[in-house]
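Visitor: Using only what follows, build the 3D model:
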Amino acid sequence: MNFIMPAMRKWFLGVFLVAGCYHPQQIYQFDAPLQAEDPVAVVARTLAAEGQTPAVVDSQLGIVQSQWRNTGFSCLRYTATVARTPSGAQVSLRTDSYFCDQGAACVEGLVQSCRANTIGIAPSEQTQLTALGGKLRQVLTSGPGSAPPAPPAQPSQ
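Guide: Got it, this is the predicted structure:
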């Protein structure tokens, strides 16, 4: 039983220290006008161009999720949702994160040795979220030519 107490103290101390640095997440939301191209495809290409490789792209559901990445103390990914409207689309971007043990694997579908982050996000993560949301807004509201180029068509065989 004595071995459990130091581990619990360490965990509680970590939670209190981390909680002091974390803030509720501010989801980035905006409206985009009608576009000739599917806005989900534009979001996926823009995330990829910004170094956030999409792991899930579902045009029917309007969801794009980046691959999980290990930040050193958590596993984090971005989730963009695109709700089509008569005048265009409502777009939102958020982070999903888990607190992880050092060396934890952040693998799609399996975030090992991690606990759901219900505290919030670090200021640096909020800054990155806001910058990425701003880039999506710029691309989706600037009109043709502002989106990253579509990948070249694969020749049919």
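
Visitor: Would you mind measuring from Lys135 to Thr118?
Guide: 28 Å (Cβ to Cβ, to the nearest Å). (C-beta placed from N, C-alpha, C; glycine too.)

Visitor: Let's verify the nearest residue to Asn117 once chain neighbours are set aside: helix, strand, or coil?
Guide: Take Asn117 and drop its neighbours on the chain: the residue closest to it by Cβ to Cβ, 6 or more residues apart in numbering is Ser97, 4.4 Å away. State at Ser97, reduced to three classes by DSSP: H, G, I helix; E, B strand; the rest coil: strand.

Visitor: Comparing Lys135 and Thr118, which residue is more hemmed in?
Guide: Neighbour tally, Lys135 and Thr118, criterion other Cβ atoms under 10 Å: the higher count belongs to Lys135, 15 against 8.

Visitor: what about that one, which helix or strand?
Guide: In the assignment (DSSP states H and E), Lys135 maps to helix 123-141.

Visitor: other SSEs contacting that helix?
Guide: Under the contact definition 3 or more Cβ pairs under 8 Å, 6 or more residues apart in numbering; DSSP states H and E, helix 123-141 sits against strand 28-33, helix 39-49, strand 74-85, strand 88-100.

Visitor: what about 6 Å?
Guide: Using 3 or more Cβ pairs under 6 Å, 6 or more residues apart in numbering; DSSP states H and E, the elements in contact with helix 123-141 are strand 28-33.

Visitor: Contacts for the strand it packs on, please.
Guide: 88-93, 133, 137, 140-141 (Cβ atoms under 6 Å, 6 or more residues apart in numbering).

Visitor: and stretch 23-34, how far from the chain's centre?
Guide: Distance of stretch 23-34 from the chain centroid (Cα atoms, centre = their mean, to the nearest Å) equals 12 Å.

Visitor: Good, we can wrap up now.
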